[in-house]
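A.B. asks: Need coordinates for the below:
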Amino acid sequence: MMIALGGCAHAARPGCSGDIPALFERVSPAVVMISAQSINPYRMQGRVSHIIGSGFIYDSKGLILTNSHVAFGRQALYVTLDDGTVVPARLLGADPVFDIAVLQIPRAEKGKLPTVALGDSEQVRVGESVIAIGNPFGLDQTVTRGIVSGVNRILPDTPLSFSEPLIQTDAPINPGNSGGPLLNMCGEVIGMNTAIVPDAQSIGFAIPINLVKSVMPALIRDGRMIRPWVGFHGTLIGADLRKVLKLPLTDGLLIEVVEPGSPAETAGMRGGEIEFTLGTVSLLLGGDIVTAINGVPTTDADKIAPLMRALKVGSTLKLSIFREGETREVTYSLPERPLLPGDLPEEQPDLPQRMLSPKRDKP
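C.D. replies: Numbers count the residues shown, from 1 in each chain. Presented below is the predicted three-dimensional model:
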């Protein structure tokens, strides 16, 4: 790409058009509005909540991608097409951890359903121009423009094994944009809009489309992502953090939380009990420190995340643990991870857009 003088946005790569009206006219027919209804039988008041989100058709068989928090656990799902037609939708599969869902609608009676091409998020560059199309606050077929503000952004309080390397953008997205496409100037989907920082100025996040593509087959085949239950999560401790803490710790993965009922709890692993906060650093101290996982030292996050993602249900996990000045070995088998309470966002009937607090609140 070339950068024009005078502070203009990056020019589109060869073969792509920077004409946003033409791009919108070509792509928007594949963007849909998703209306969902939830019923909470345990409430006397406000039992029914209505959710508006976005999605996009990627296959003429009627397959639609959207966010899990838009579609998962809903009693009714309807899709409004570009021409105003409203059709019922069926949830094929959802993964609340990565916030991805696949829906299916009936095929078009005449002709084919419009589709949008899925791009390659590995090719995304910081500073390149993008557009977002969706239904903010129910305003259908709304387009906004911006740039890629950053890549490989990790949401706060995300376990290393499930971290989402999100795309950050300043293209305005709002409640109702959830599940809509973030597109490059070629009209290819490079991300799925998923979260915003509400108190900031145009800080939004999209799930990279390559991550979405890697999850789609399992959602269609099994209805869910089958992943092992490790049962703990924490924070890497290195020399810099040890210097700040001034405690006799060793480098490794500090276990802050052991999930109740997990194999880690059964194996006797310990989580933190003492809260420590300094600036933007917030830790639970007093737990075990994992110094190696299956023989691989836990000193580099770039190595730990792929190692954890490679674990399968039925795998054996071998951990080297530092506790109270001594090192011990812990071994246990990994069952399938169930759906946990923290996987689901709190119900916000009037605000169907995942939001992040700048104070590290859970998304």
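A.B. asks: Show me where the stretch 151-300 of the chain has its helices.
C.D. replies: In the stretch 151-300 of the chain, the helices defined using DSSP state H, counting those that start in this stretch lie at 209-222, 239-245, 263-266.
A.B. asks: Quick one, which of the ones you listed gets closest to Arg74.
C.D. replies: helix 209-222 (15.7 Å; CB to CB). To be clear about C-beta, it is placed using only N, CA and C from the backbone, and glycine gets the same treatment.
A.B. asks: list the contacts for Ala108?
C.D. replies: Ala108 sits next to Ser60 when contact means CB atoms under 8 Å, 6 or more residues apart in numbering.
A.B. asks: what about it, which helix or strand?
C.D. replies: Using DSSP states H and E, Ala108 sits in no helix or strand.
A.B. asks: related to what we said a few turns ago, of all the helices of the stretch 151-300 of the chain, which one is nearest Arg26?
C.D. replies: helix 209-222 (17.8 Å).
A.B. asks: could you point out where this structure is predicted with low confidence?
C.D. replies: Low-confidence segments of the chain, defined by pLDDT under 70, span residues 1-15, 110, 155-163, 242-248, 280, 345-363.
A.B. asks: Helix, strand, or coil at Asp302?
C.D. replies: helix (DSSP: H, G, I helix; E, B strand; the rest coil).
A.B. asks: any idea how this protein splits into domains?
C.D. replies: The chain breaks down into these domains under automatic domain parsing: 20-27+116-225, 29-39+46-104, 232-333.
A.B. asks: circling back: same list (the helices of the stretch 151-300 of the chain) but as a markdown table, adding mean neighbour count.
C.D. replies: As requested, those are arranged in a markdown table below (neighbours: other CB atoms under 10 Å):
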| stretch | mean neighbour count |
| --- | --- |
| helix 209-222 | 17 |
| helix 239-245 | 12 |
| helix 263-266 | 18 |
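A.B. asks: could you redo the ones you listed as CSV and give each row distance to Gly342?
C.D. replies: Converted to CSV, the helices of the stretch 151-300 of the chain look like this (distance: least, CB to CB, whole Å):
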stretch, distance to Gly342
helix 209-222, 19
helix 239-245, 24
helix 263-266, 15
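A.B. asks: Among the ones you listed, which comes closest to Phe232?
C.D. replies: Closest to Phe232 of the helices of the stretch 151-300 of the chain is helix 263-266 (CB to CB; 4.4 Å).
A.B. asks: Residues contacting the closest one, please?
C.D. replies: Residues contacting helix 263-266 (CB under 8 Å, 6+ apart): Trp229, Val230, Gly231, Phe232, Val258, Glu259, Tyr332, Ser333, Leu334, Pro335.
A.B. asks: go again using 6 Å as the cut-off
C.D. replies: Residues outside helix 263-266 that contact it (CB atoms under 6 Å, 6 or more residues apart in numbering): Gly231, Phe232, Val258, Tyr332.
A.B. asks: how about the helices of the stretch 151-300 of the chain, which one is nearest Ala171?
C.D. replies: If we rank the helices of the stretch 151-300 of the chain by CB to CB, the stretch that ends up nearest is helix 209-222, at 15.2 Å.
A.B. asks: Please enumerate residues in contact with that closest one?
C.D. replies: 92-93, 95, 98, 100, 102, 118-119, 121-122, 189-192, 225.
A.B. asks: Greatest separation within those: which pair is it?
C.D. replies: Among the contacts of helix 209-222, Leu92 and Glu122 lie farthest apart (CB to CB), at 25.8 Å.
A.B. asks: And those two? Which one has more around it.
C.D. replies: Taking other CB atoms under 10 Å, Leu92 and Glu122 do not tie; Leu92 has more neighbours (18 against 10).
A.B. asks: Look up phi and psi at the more buried one.
C.D. replies: Note on Leu92: backbone dihedrals following degrees, to the nearest 10 are phi -80, psi -40.
A.B. asks: Mind listing the residues bridging to Glu278?
C.D. replies: Check again: residue 278 is Leu, not Glu. Counting by DSSP bridges, Leu278 is bridged to Val281.
A.B. asks: Tell me which of the helices of the stretch 151-300 of the chain approaches Val197 most closely.
C.D. replies: helix 209-222 (20.3 Å).
A.B. asks: could you dump that closest one to PDB, C-alpha only?
C.D. replies: Provided in PDB are the C-alpha atoms of helix 209-222 (Å, rounded to 0.1, in the frame of the first residue of the first chain):
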ATOM      1  CA  ILE A 209     -11.800 -13.400  10.400                       C
ATOM      2  CA  ASN A 210      -9.100 -16.100  10.300                       C
ATOM      3  CA  LEU A 211     -10.100 -17.000  13.900                       C
ATOM      4  CA  VAL A 212     -13.700 -17.100  12.900                       C
ATOM      5  CA  LYS A 213     -12.900 -19.400  10.000                       C
ATOM      6  CA  SER A 214     -11.000 -21.800  12.200                       C
ATOM      7  CA  VAL A 215     -14.000 -22.100  14.600                       C
ATOM      8  CA  MET A 216     -16.700 -22.400  12.000                       C
ATOM      9  CA  PRO A 217     -16.300 -26.100  11.000                       C
ATOM     10  CA  ALA A 218     -16.700 -27.200  14.700                       C
ATOM     11  CA  LEU A 219     -19.700 -25.000  15.200                       C
ATOM     12  CA  ILE A 220     -21.500 -26.400  12.100                       C
ATOM     13  CA  ARG A 221     -20.400 -30.100  12.900                       C
ATOM     14  CA  ASP A 222     -20.800 -30.300  16.700                       C
END
